[in-house]
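Trainee: here is my input, please return the structure:
(chains A and B)
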Amino acid sequence: MKIWMAMAAALALSVSTGAVQAQEKLKACFVYVGPVGDFGYSYQHDLGRKAVEKELGDKVETVYLENVAEGPDAERAIERLAREGCKIIFTTSFGFMDPTIKVAAKYPDIKFEHATGYKKADNVAIYNARFYEGRYVMGQIAAKMSKAGLAGYIVSFPIPEVVMGINAFMLGAQSVNPDFKVKIIWVNSWYDPGKEADAAKVLFGQGADIMVQHTDSTAPLQIAEEQGKLGFGQSSDMIKFAPKAQLTSNTDDWDPYYIARVKAVLDGTWKSEDTWGGMKDGMVVLSPFTNMPDDVKKMAEDTVAKIKSGEFHPFTGVITKQDGTTVGEAGKVLPDSELLGMNYYIKGVDDKLPQ
Amino acid sequence: MNDQLLSIILTIITASTPLLLASIGELVVERSGVLNLGVEGMMAVGAVCGFGAALTTGSPLIGILAAIAAGVLLSLLFGFLTLTMISNQVATGLALTLLGLGLAGLIGESFVGQPGVKLQNLDIPVLSAIPFIGPILFGQDLLVYVSLAIVAGVSYVLFRTKTGLIIRAVGDSHQSAHALGYSVIGVRYLAVMFGGGCAGLAGGYLSLAYTPQWVENMTSGRGWIALALVVFASWLPWRLAIGAYLFGTITILGFSLQAIGIGIPSQLLSSLPYIVTILALVVISGNRALTRANTPACLGQPFVPDR
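Mentor: Numbering: from 1, shown residues only, chains lettered A, B, ... in the order given. Model (predicted):
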């Protein structure tokens, strides 16, 4: 695997740049963990980059690095962009957090934006989407649609965001069917269509009839389609891959955010901020509800409306953890800091959280 | 329970087949004395060309042929550089991987986000209806049988025919083979093309049968695993098949154990296929003399005919 890692690093450094353009343009740069062709997470970020180009036209120039491995390689990649004259750098994966902070300290004049992490600095803003809002709705739909009362859940790495997603899904499911069960497989990769497909087959083989994924390829949904089961898309609308299986997809829309932030640099109004946008802000969008009866659709739409209006928050206390202890106070929403550090399962999740 | 076991076995077979296809080709390449580290790149190009051809024609069979052809073409580039131009095999192979992955991304740009054409399973009537063993033995996709046939064929040709003797002679002592009047470069070209075709086919398996879609990096390091399997199987075809299936089996069993929820850390389960496969193959190659006898002595060495 060493060689493979080295190859990935080498590949990461084979930069894909936009056309070489005049000096006075603002250079906005993006670092992606996967290929822009993943049709999932990195693909959505790249749509955001393209939106920036389209909106701001010849005032900006964009550059991106794809397939950048999380860890030390990321630091080199980010530093390289910093040296190449980028004025704002978006690092779009959790594992780029420490490298971003390190490079940012060396280049105080460059603005950095790190997605899905929690470390800020004067020139490092953080941004994230409240993916869990979509996952709560997915949980409700799953509990209504599953005949077996059992969902399969394919996940990447045990970071708070993923754990939060599992918990939100189960809270949603339990609100409909208190006995709803979930089986979880960690594939230890964000993106490996083959492994994701294998995991999906194993989960269906063990009796699940609905597939949820927190990995980035369309493979699990394709398996669902093939086996006549149901599932949810991830990051982008995957309906074309599973016209009969996709119930909805938890999609990310980074366009408005990226445009606003790059504009802020142009106007000189950029500040280090902490943005956590949800359905209300249009950052999390559930794709059209399909393959479900009208009453389920209605329920999902109602929940979306309530989340948007702020009337309802998935993580409202009291929440019982897997070990029986509780968090939060009755009727009060857990603070964001608590959510962002979530390292426990809620009651009803039948899995041991890898530490 | 039977249903669960059946689904596990079926999943193991599809998970193991791409590894087996890619590695059996590389085995022949290495037996002829050439080390082509570009398997991953050839797989990627095979995957994208197979996908594209199947998508445009609607026929997965044409997709398979395109995947093979793409692998062969890319391997010819490698052959030209290392055999005719005598470039360094290791460096050229690594470059081939980078080239292949990049090229595949470029070719595949317009295929991203398009559902593919799936190679259907052969459902042999009557036989595949036999409970349990029917779907396993008679209900696979065509390429599963092809992969096993290739292993049997390679094993037979390498050790039971004159052709095999020549290939092994070229890999063990190219000077002697040359002195005997065999075309070392010619044999190596053919072996490299065979390896390329198999790698392309393995890639095609990914994008046509395993997960019928094209996304960049869908090979996810399988080419490297295939390369490692060849060495650990000490260049013996049937051991290679055992290795590939063992790797697939442990991967899938790891997932199953996770889903059952027995509480073994998933990181450990994810690394198990590597550990177990290496251990098992080291143990079965415990016979040092046999291993030495099977290691191509001229592996990676360039051949320059003296004139």
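
Trainee: what's near enough to touch the closest residue to B:Val112 other than its chain neighbours?
Mentor: Counting by C-beta to C-beta, 6 or more residues apart in numbering or on different chains, B:Val112 lies nearest to A:Gly37, which is 4.3 Å off, once chain neighbours are set aside. The C-beta positions use only the backbone N, C-alpha and C, and glycine is treated the same way. With contacts defined as C-beta atoms under 8 Å, 6 or more residues apart in numbering or on different chains, the neighbours of A:Gly37 are A:43, B:105, B:108-109, B:112, B:214-216.

Trainee: how about B:Ile278?
Mentor: Per C-beta under 8 Å, 6+ apart, neighbours of B:Ile278: B:228, B:232.

Trainee: in the one helix or strand it maps to, what's buried?
Mentor: Of the helices and strands defined by DSSP states H and E, B:Ile278 is found in helix B:266-284. When burial is assessed from 16 or more other C-beta atoms under 10 Å in any protein chain shown, helix B:266-284 yields the following buried residues: B:266, B:269-270, B:272-273, B:276-278, B:280-281, B:284.

Trainee: alongside chain A, which residues does the stretch 101-250 of chain B contribute?
Mentor: If contacts are counted using C-beta under 8 Å from any C-beta of the partner chain, the residues of the stretch 101-250 of chain B sitting beside chain A are B:101-102, B:105, B:108-109, B:112-115, B:118, B:206, B:210-218, B:220-222, B:224.

Trainee: for chain B, give me its nearest residue in the stretch 251-355 of chain A.
Mentor: Shortest the stretch 251-355 of chain A-to-chain B distance, computed as C-beta to the nearest C-beta: residue-wise this is A:Lys352, at 4.4 Å.

Trainee: over to the residue lying closest to that residue once chain neighbours are set aside: give its phi and psi.
Mentor: Nearest in space to A:Lys352, with sequence neighbours left out and distances taken as C-beta to C-beta, 6+ apart, is B:Gly263 at 4.4 Å. Note on B:Gly263: backbone dihedrals following degrees, to the nearest 10 are phi 80, psi 20.

Trainee: and if you look at B:Leu257?
Mentor: phi -60, psi -40.

Trainee: these two touch, right, it and B:Pro265?
Mentor: No - contact criterion C-beta atoms under 8 Å: B:Leu257 and B:Pro265 do not qualify, at 10.9 Å.

Trainee: more neighbours, these two?
Mentor: Under the neighbour definition other C-beta atoms under 10 Å in any protein chain shown, B:Leu257 and B:Pro265 were set side by side, and B:Leu257 has more, 17 against 14.

Trainee: contacting residues around the more buried one?
Mentor: B:264, B:269.

Trainee: can you rerun that using 10 Å?
Mentor: With contact set as C-beta atoms under 10 Å, 6 or more residues apart in numbering or on different chains, B:Leu257 has these partners: A:185, A:202, B:263-264, B:266, B:269, B:272.

Trainee: out of those residues, which one has the weakest pLDDT?
Mentor: Checked by pLDDT, those have B:Gly263 as the lowest-scoring entry (71).

Trainee: which residues touch that residue?
Mentor: Under the criterion of C-beta under 10 Å, 6+ apart, the contact list for B:Gly263 reads A:351-352, A:354, B:257.

Trainee: which stretches in the stretch 51-200 of chain A count as helices?
Mentor: Along the stretch 51-200 of chain A, counting by DSSP state H, counting those that start in this stretch, helices occupy A:72-83, A:97-106, A:131-145, A:160-176, A:193-205.

Trainee: the residue in the stretch 51-200 of chain A that chain B sits nearest to: neighbour count?
Mentor: Across the stretch 51-200 of chain A, the shortest distance to chain B (C-beta to the nearest C-beta) belongs to A:Trp186, at 3.6 Å. The burial metric for A:Trp186, expressed as a neighbour count using other C-beta under 10 Å, is 26.

Trainee: check B:Ala129 too.
Mentor: By other C-beta under 10 Å, 12 other residues sit near B:Ala129.

Trainee: just list the residues touching it, thanks.
Mentor: When the contact criterion is C-beta under 10 Å, 6+ apart, the partners of B:Ala129 are B:123, B:135, B:138-139.

Trainee: tell me the pLDDT of it.
Mentor: 83.

Trainee: over to A:Leu13?
Mentor: 47.

Trainee: what does the one 4 residues further on give?
Mentor: With respect to pLDDT, A:Thr17 scores 42.

Trainee: mean confidence for the lengthiest helix in chain B?
Mentor: What stands out as the longest helix in chain B, according to DSSP state H, is helix B:2-31. The average pLDDT for helix B:2-31 rounds to 93.

Trainee: how about that helix and chain A, touching?
Mentor: Yes - between helix B:2-31 and chain A, judged by C-beta under 10 Å from any C-beta of the partner chain, the touching residues are B:3-12, B:14-15, B:18-19.

Trainee: tell me how many other residues crowd B:Val184.
Mentor: Taking other C-beta under 10 Å as the criterion, the count of residues near B:Val184 is 24.

Trainee: quick one: pLDDT of it?
Mentor: With respect to pLDDT, B:Val184 scores 96.

Trainee: got the contact list for the residue lying closest to A:Asn177 once chain neighbours are set aside?
Mentor: Beyond its immediate neighbours in the sequence, the residue positioned closest to A:Asn177 (C-beta to C-beta, 6+ apart) is A:Ala143, lying 4.2 Å away. Applying C-beta under 10 Å, 6+ apart to A:Ala143 gives the contacts A:149, A:151, A:169-170, A:172-180, A:210, A:296.

Trainee: that's all I had, so thanks and see you.
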